[in-house]
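# sequence plus predicted model, see below.
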Amino acid sequence: MNKIMIAEDDIPIRDALEELLKNAGYTTACLTRFEDPLTQISEESPDLLLLDINLPHMNGEMLLRELRRESSLPVIMVTSRDSETDEVLSMSYGADDYITKPYNPTILLLRISAVLKRTARTVQRSSYRGLSINHSKGSISDGSRELILTKNEMIIFSQLLEKQGEIVTRDVLMTALWDNEEYINDNALSVNISRLRSKLAEFGLPDSIETRKKQGYILI
C-alpha cells in the first residue's frame, strides 16, 4: 500500500485530501513541521509527495528544489496558482506532475496513480555484498542500519554497481549525472567519489571502489 505525504498548511484542505486518499486505499502522512520539512519527509519515507506552493517558512518550489538535491521522490504540485510560469518553474525544479485548485478529486487520484505507476518502473532494488540497495530511496541497508546517499552519490554508486568488476570511466559517470539534470564538473565528480568512498568505509565497506588511473573506477 503506497504512502502519500501531504504538504499543505490549510487544515480543511489537508483534511479533505487525507480523507480522499484514505478512501482510495492509500496510507497518508501530513507535513506538520514546516520549519524543518526535509527531515520530516525523510522520516516518513513516503512513496509520493503532494506539495502545495504556498507554505510557511519555505515555499513549495524552494522545498522541491532542496528535495531534489537528495531525493528522486515523486512529487505532484498542488496549488491555487494557475500561471504558466509557476508550472514551468515547478517542472524545471523536478516536479513529476502539476495540478491546480480547485481540482477534480477523480483527476487528482488518476494523476497520483499514473505517477506512481511511472516511477515504479524505475525503482530499483538490488544487493551488494549482502546489503540491500534501494536506488529510488538512495539507501544501503544491512537490516539494522541504513546508509543514506545523496542523489549524486547514488547515481555514481548505481553506475558502478551495474558494471561491478568492470572499469567505469569518468566520462560515463559525468554523462549519467548530466542525464539526471545534475550539472557537475570534473573536480566536483572527484569530490563526490571521495565522499562516497568515505561513507562506504564508515559503513563497513572500505576499499570497495578502486581507482584505475586514466581509465576510471571499479566497484569490487
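Structure's in. What do you need? Numbering: from 1, shown residues only.

# what's the mean pLDDT across stretch 53-63?
Averaging pLDDT along stretch 53-63 gives 86.

# just the CA atoms of that stretch, as CSV, please.
Extracted in CSV, the C-alpha atoms of stretch 53-63 (Å, rounded to 0.1, in the frame of the first residue of the first chain):
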residue,chain,number,x,y,z
ILE,A,53,3.4,26.0,-3.4
ASN,A,54,2.2,28.3,-0.6
LEU,A,55,3.8,27.0,2.5
PRO,A,56,5.2,28.8,5.6
HIS,A,57,9.0,29.2,6.1
MET,A,58,9.8,27.8,2.7
ASN,A,59,7.6,27.9,-0.3
GLY,A,60,6.9,24.7,-2.2
GLU,A,61,9.1,25.5,-5.2
MET,A,62,12.1,26.1,-2.9
LEU,A,63,11.3,22.9,-0.9
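
# could I get the buried residue list for that stretch?
Ile53, Leu55, Met58, Gly60, Glu61, Leu63 (16 or more other Cβ atoms under 10 Å). All C-beta atoms are positioned from the backbone trio N, CA, C, and that covers glycine.

# where along the chain do the helices fall?
11-23, 37-44, 60-68, 84-92, 105-120, 151-162, 170-179, 186-202 (DSSP state H).

# which strands and helices sit next to the longest one?
Spelled out, that is helix 186-202. helix 151-162, helix 170-179, strand 209-212 (3 or more Cβ pairs under 8 Å, 6 or more residues apart in numbering; DSSP states H and E).

# how close does the spatially closest residue to Cys30 that is not a sequence neighbour sit to Asn104?
In space, and not counting its chain neighbours, Cys30 is closest to Ile6: 4.9 Å by Cβ to Cβ, 6 or more residues apart in numbering. Noted for Ile6: a distance of 17 Å to Asn104, by Cβ to Cβ, to the nearest Å.

# who's in contact with the nearest residue to Leu160 once chain neighbours are set aside?
Residue nearest to Leu160 in three dimensions, not counting chain neighbours: Leu219, with 3.8 Å by Cβ to Cβ, 6+ apart. Listed by Cβ atoms under 8 Å, 6 or more residues apart in numbering, the contact partners of Leu219 are Tyr128, Phe157, Leu160, Leu161, Lys163, Gln164, Gly165, Val168, Ser208, Ile209.

# and if you look at Arg69?
Contacts of Arg69 by Cβ under 8 Å, 6+ apart are Thr150, Lys151.

# change it to 10 Å
Residues in contact with Arg69 (Cβ atoms under 10 Å, 6 or more residues apart in numbering) are Leu38, Gly94, Thr150, Lys151, Asn152, Glu182.
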